[in-house]
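> structure, please.
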Amino acid sequence: MYRALLPLASLLVAAAPAPADDPYLWLEEIEGPKALAQVKEWNGQTEAQLTAMPGYEEYRARAKAILDDEQQIALPEDVQGDMVTNLWRDAKNPRGLWRVSPLAAYRAGKPEWRTLIDVDALGKQEGKSWVWHGANCLAPDYKTCLVSLSPGGTDADVVREFDPVSGKFLASGFTLPQAKSNVAWADADTLLVATDYGPDSLTTSGYPRVVKLWKRGTKLADAPTLLTGETTDVSVSPFSVRDGDTRWSFVVRGKSFWTRDTYLLAPSGKLVKLPLPDDADFQDVIGGRMVALLNSPLTAGGQTFPAGALVAWPLADMAAGKSPAPELVMAPTESQAIEEVAASDNILWVKALDDVSGQLFALRRGADGRWTSARIPLARNNSVHLVETSGKSDLAFVTVEGMLTPPSLYAVTPSAAPQLVQSLPPKFDASKFTVEQRFATSADGTRIPYFLVRKKGVAGPVPALIHSYGGFKAAQTPTYLTGQPYRAGPLALFWVEEGNAYVLANLRGGGEYGPRWHEAAVKEHHQRVFDDLQAVAEDLVRTGVSSKGRIAISGRSNGGVTVGAAVNQHPELYGAVISGSPLGDMKRYSHLLAGASWMDEYGDPDKPEEWAYLSKYSPYQNIRPGVKYPPVFFYNSTKDDRVHPGHARKMAARLKEYGNPVYYHEYMEGGHSVGADHAEDAKRAALLIEFLNRVLPAEGR
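Sure, this is the predicted structure:
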């Protein structure tokens, strides 16, 4: 199964003109003494106010118990032949146990675990605050692995070769120092390595731009270079895919966030550029065919393939320098979006959305070259996640869950009914609540889906919390109310238990309806995201669910832009804002950490014609004196080396300068996900609900 690799940037801040009218540039000094002193002062103020609220400790303890509950699904991290690996985190092991079980026992729901690495014990032994970043084990015997560990949760990590048989790191094995590296196996003694090689080896986005072929026993500095990208590229990264008994190795040159050139490492040792459209997304390899998802229509071989379709090319022909015509694998309907794809030896597994409801399909290629599809019978109106596949057994592991339906893990084959591996017991009484999908109408007439959860018998209007994102093709699908702390976690459950409304909005810019849903909100069209959020909020008011001034909006990362711009444009509509790891200063974002890589999504603020539209919504620049803004809670991490913590810091300072209520909490660890462990996630959930309880009008609860 191929896993898409996010480019990992080094902690780089590109040089940028310092705006003369920005008095808070000093807050961009990530670990500057003055900046950290300010952060600690704000943290202290927030904790003093919210931890003293009635019920805070009860919320925190309950959230921690939910997150630490040992009745959790041990999801497969990787299927390695007849074994399966898992990273297990609980109260005793907050950073996790990386462990392995026989696949047959795991599939039967009775795993026999053997611990390979105790991350907590390793960190204590080595004096490091290690956070697990995964392992890449070499098929088909899986006797050696590349283990990635991050100090404190940053994107940057160290890579060390590990022997799972002896349970030890190899003293003379492959090792990379801390950087944001991408590494792939070419064979047992050769790696493809993209990392920080020193001066001029990184892009302006801070990602590696050089890939080398590193032989065991030689110095990395002496390794031959396979490809060097341009400094203005986003990144250059390698990956390998196992297809039956064949290993295919690739290098991707990311020219921008959404365009790339894809190369195949041929048997000659040379890279062959593949005839893949530069905006298509590589998915996997099956039966010697590379499968990709189209983001724009493609005309080739006398056929036209629609945007959002899966197509395939024979790799052997391309490796030989030929230009074979692609073939159609699957085309979605108008209401569908293909979201996840993974191959086993003979089956291409496809998870799609249909009006934001998950579906799973098993696809086969016939002798005539035609692909046939069979829908797997899973519960409807739920979220489906394609977790992992197993090669020769043509097995897929999938999870199914809904806002009121706890997650279940199924083992799926194309010839039998889905087999339940594990189902979590309910963490709350779902009969007390209702969930429904509704549609709001945006400013241009587009129907915007959203999910609404409420307690039965509660008459509106009541306070409402809307979580949204609206960008980067990332669909927001409904998950169990106690899950995913970075979105809502136990907060969502606590919120609706007390008679409030919780909403998950499916704004444009995401991937809910495929490429068209994303393209509708890119660059100069990004205002549509804020219009969509406004439409959902106003629909809650129109239908009597809530009322103006009693609606809280929540978003993190790109969602920080969403809620920041939305509250600037309509401060009277919203009663509170939760902004996590946010982008805020869209004038300088492209010069901070990985920001330059996102210019395909937002635009280049250094180009006057693009700053013209960015400037109309940039959250930081559009905070106005004399405007009464609702209270805002910013949370982030000092160790976030993806979205610069200066965004949240400067937004908080500017709002405070103009006399607005601000709550701020910055963890010293945790990276972009903020919480490094369950204790931090639970604390944040308790702080956030006490924030909402404190600032939103309570009438009608």
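> Thr372 contacts Gly366, correct?
Yes. Using CB atoms under 8 Å, Thr372 is in contact with Gly366, at 6.3 Å. Heads up, the C-betas are built off the backbone N, CA and C, glycines and all.
> separation between Val39 and Trp26?
Look at Val39 and Trp26: by CB to CB, to the nearest Å, they are 12 Å apart.
> comparing the two, which residue is more hemmed in?
Taking neighbours as other CB atoms under 10 Å, Val39 and Trp26 compare with Val39 leading, 23 against 15.
> state the distance from that one to Val398.
Per CB to CB, Val39 is found 42 Å from Val398.
> and what of Asn295?
25 Å.
> can you pull the contacts of the residue nearest to Met586 when sequence neighbours are not counted?
Distance criterion CB to CB, 6 or more residues apart in numbering; nearest residue to Met586, sequence neighbours excluded, is Ser618 at 3.6 Å. By CB atoms under 8 Å, 6 or more residues apart in numbering, the contact set of Ser618 is Ala565, Gly584, Asp585, Met586, Lys587.
> confirm the third one sits in a helix?
No. Remark: Asp585 does not belong to a helix; assigned using DSSP: H, G, I helix; E, B strand; the rest coil, it is coil.
> name the nearest residue to it, ignoring sequence neighbours.
Closest residue to Asp585 apart from its sequence neighbours, by CB to CB, 6+ apart: Tyr620 at 4.1 Å.
> in the stretch 251-400 of the chain, which spans are helices?
With DSSP state H, counting those that start in this stretch as the criterion, the stretch 251-400 of the chain has helices at 315-319.
> any weak-confidence spans in the stretch 401-550 of the chain?
Within the stretch 401-550 of the chain, the ranges that satisfy pLDDT under 70 run 485-488.
> the residue nearest to Asp585 touches Gly584, doesn't it?
Yes. The pair formed by Tyr620 and Gly584 meets the contact definition of CB under 8 Å, at 4.5 Å.
> shared neighbours, these two?
When CB under 8 Å, 6+ apart defines a contact, the residues bordering Tyr620 and Gly584 alike are Gly564, His647, Lys650, Met651.
> closest to Lys124 out of these?
Within the shared contacts of Tyr620 and Gly584, proximity to Lys124 (CB to CB) peaks at His647, which comes in at 33.5 Å.
> if I look at the closest one, how far off is Ser673?
The value you get for His647 to Ser673, if CB to CB is used, is 16 Å.
> more neighbours: which of Tyr620 and Gly584?
For Tyr620 versus Gly584, neighbours defined as other CB under 10 Å are more numerous around Gly584 (27 against 24).
> got the buried residues for stretch 428-438?
For stretch 428-438, the buried set under the neighbour-count rule, 16 or more other CB atoms under 10 Å, comprises Phe428, Ala430, Phe433, Thr434, Val435, Arg438.
> secondary structure added to the residues you listed, as a markdown table?
Below are the buried residues of stretch 428-438 laid out as a markdown table (three-state DSSP):
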| residue | secondary structure |
| --- | --- |
| Phe428 | coil |
| Ala430 | helix |
| Phe433 | strand |
| Thr434 | strand |
| Val435 | strand |
| Arg438 | strand |
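> using PDB, write down the CA coordinates of the helix or strand containing Val193.
Here Val193 sits within strand 190-194, counting by DSSP states H and E. Coordinates of each C-alpha in strand 190-194 appear next as PDB, following Å, rounded to 0.1, in the frame of the first residue of the first chain:
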ATOM      1  CA  THR A 190      20.300   1.400  -1.000                       C
ATOM      2  CA  LEU A 191      18.200   4.300   0.100                       C
ATOM      3  CA  LEU A 192      16.800   7.200  -1.800                       C
ATOM      4  CA  VAL A 193      17.300  10.200   0.500                       C
ATOM      5  CA  ALA A 194      16.000  13.800   0.400                       C
END
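> Val252 bridge partners, please.
As for beta bridges, Val252 partners with Ser237, Thr262 under DSSP bridges.
> gap between it and Met599?
Val252 is 18 Å from Met599, where distance means CB to CB.
> so between the two, which is more surrounded?
More crowded of Val252 and Met599, by other CB under 10 Å: Val252, with 25 against 21.
> give the contact list for the more buried one.
Val236, Ser237, Pro238, Phe239, Arg260, Asp261, Thr262, Tyr263, Phe282.
> try 10 Å this time
Contact analysis of Val252 by CB atoms under 10 Å, 6 or more residues apart in numbering lists 4-5, 7, 182, 194, 211, 227, 229, 234-239, 260-263, 276, 282.
> next one: Gly560
Neighbouring residues of Gly560 by CB under 10 Å, 6+ apart: 469, 554, 577-584, 619, 634, 636, 643, 647-648, 651.
> try 6 Å this time
Shown in contact with Gly560 (CB atoms under 6 Å, 6 or more residues apart in numbering): Ser579, Pro582, Leu583.
> same check on Val643?
By CB under 6 Å, 6+ apart, the neighbours of Val643 are Ser557, Ser581, Leu583.
> excluding chain neighbours, what is closest to it?
With CB to CB, 6+ apart as the criterion, Val643 has its nearest non-adjacent residue at 5.1 Å, and that residue is Ser581.
> that neighbour and Val234, how far apart?
The gap separating Ser581 from Val234 is 20 Å, by CB to CB.
> in this structure, which residue is most central in space?
In the chain, the residue lying closest to the centroid (CA atoms, centre = their mean) is Ala474, at 7.7 Å.
> which of the three states applies to that residue?
coil.
> right, and it touches Arg508 too?
No. With contact defined as CB atoms under 6 Å, Ala474 does not count as touching Arg508 (11.8 Å).
> what segments of the stretch 451-600 of the chain are strands?
For the stretch 451-600 of the chain, the strands defined by DSSP state E, counting those that start in this stretch cover 464-467, 501-505, 551-556, 576-580.
> turn the ones you listed into JSON lines, including mean neighbour count.
Formatted as JSON lines, the strands of the stretch 451-600 of the chain follow (neighbours: other CB atoms under 10 Å):
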{"stretch": "strand 464-467", "mean neighbour count": "26"}
{"stretch": "strand 501-505", "mean neighbour count": "26"}
{"stretch": "strand 551-556", "mean neighbour count": "28"}
{"stretch": "strand 576-580", "mean neighbour count": "27"}
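> of those strands, give the one that comes closest to Asp141.
Taking those one by one with CB to CB, strand 551-556 is closest: 40.6 Å.
> helices and strands around the closest one, which ones?
Where contact means 3 or more CB pairs under 6 Å, 6 or more residues apart in numbering; DSSP states H and E, strand 551-556 is packed against strand 464-467, helix 558-569, strand 576-580.
> what's the angle from that strand to strand 576-580?
Relative orientation of strand 551-556 versus strand 576-580 (axes from the mean of the first three to the mean of the last three CA atoms, to 10 degrees): 10 degrees.
> which ones are touching Leu67?
Counting by CB under 6 Å, 6+ apart, Leu67 has contacts His678, Asp681, Ala682.
> that one sits in which helix or strand?
Per DSSP H and E, Leu67 falls inside helix 56-68.
> mind listing what the helix or strand just after that helix pairs with, with the direction of each?
Once helix 56-68 ends, the next helix or strand along the chain (criterion: DSSP H and E) is strand 78-80. Using DSSP bridges, strand 78-80 pairs in its sheet with strand 83-88 (antiparallel).
> dump the strand it pairs with to PDB, restricted to CA.
Below are the C-alpha coordinates for strand 83-88, written out as PDB (Å, rounded to 0.1, in the frame of the first residue of the first chain):
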ATOM      1  CA  MET A  83       2.300  -9.700  10.700                       C
ATOM      2  CA  VAL A  84       0.700  -6.400  11.500                       C
ATOM      3  CA  THR A  85       2.200  -3.400  13.400                       C
ATOM      4  CA  ASN A  86       0.500  -0.900  15.600                       C
ATOM      5  CA  LEU A  87       1.400   2.100  17.700                       C
ATOM      6  CA  TRP A  88      -0.500   1.900  21.100                       C
END
